[in-house]
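K.L.:
Pasted the sequence and its predicted model underneath.
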Amino acid sequence: KGVVRDPATGDLQVVTVTPENESRILVHDAHAATPTTAFAISRLADPDTLHQTPIGVFRSVDRPVYDTLMADQLDTAVEQHGKGDLSRLLTGNDTWTVAG
């Protein structure tokens with residue numbers, strides 16, 4: 001069995017591989033920049049019988065996580081502006097008035 005993309009609709013379908021359709025067989029790249037094909041493959045399962053249900057890694061992309069990006073941003077701010085002083089910030093002259 002193999003997966004081909006319908007040229008008219010873009011939908012994926014499971015087919016028996018033959019010499020005639022062998023060149024159209026989809027070769028999936030889990031590291032592709034966009035998730036489009038991975039999502040389409042995940043939707044191939046037959047909901048009634050679950051026959052030919054794809055199983056495996058559909059998407060594997062290395063990206064930094066939030067806390068790493070935040071730590072890098074804080075480190076950059078400290079390098080550029082110094083460590084800062086919370087006490088000075090709270091007791092300083094830079095104030096505002098909230099009118100309501």
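P.N.:
Thanks, I have it.

K.L.:
hang on, residue 31 packs against residue 60?
P.N.:
Yes. Between residue 31 and residue 60 there is a contact under CB atoms under 8 Å: 6.0 Å. All C-beta atoms are positioned from the backbone trio N, CA, C, and that covers glycine.

K.L.:
what's next to the lengthiest helix in the chain, contact-wise?
P.N.:
Here the longest helix in the chain is taken by residue count, with DSSP state H as the criterion, and it is helix 66-81. Taking contacts as CB atoms under 8 Å, 6 or more residues apart in numbering, the residues outside helix 66-81 that touch it are residue 84.

K.L.:
I'd like the next helix or strand past it.
P.N.:
Next helix or strand after helix 66-81 toward the C-terminus (DSSP states H and E): helix 86-91.

K.L.:
looking only at pLDDT, what's the mean for that following helix?
P.N.:
For helix 86-91, mean pLDDT is 85.

K.L.:
Send over it as PDB, restricted to the C-alpha atoms.
P.N.:
Taking Å, rounded to 0.1, in the frame of the first residue of the first chain, the C-alpha atoms of helix 86-91 are listed here in PDB:
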ATOM      1  CA  LEU A  86      13.700  46.500  42.300                       C
ATOM      2  CA  SER A  87      13.900  48.600  45.400                       C
ATOM      3  CA  ARG A  88      14.900  51.700  43.400                       C
ATOM      4  CA  LEU A  89      12.100  51.000  41.000                       C
ATOM      5  CA  LEU A  90       9.500  50.800  43.700                       C
ATOM      6  CA  THR A  91      10.600  53.800  45.700                       C
END
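
K.L.:
which residues of this structure fall in strands?
P.N.:
Taking DSSP state E as the criterion, the chain carries its strands at 2-5, 12-15.

K.L.:
ok, how many other residues are close to residue 3?
P.N.:
Counted with other CB atoms under 10 Å, residues neighbouring residue 3 total 20.

K.L.:
From what I see, residue 32 and residue 38 are in contact.
P.N.:
Yes. In this structure, residue 32 sits in contact with residue 38. The criterion is CB under 8 Å, and the distance is 7.2 Å.
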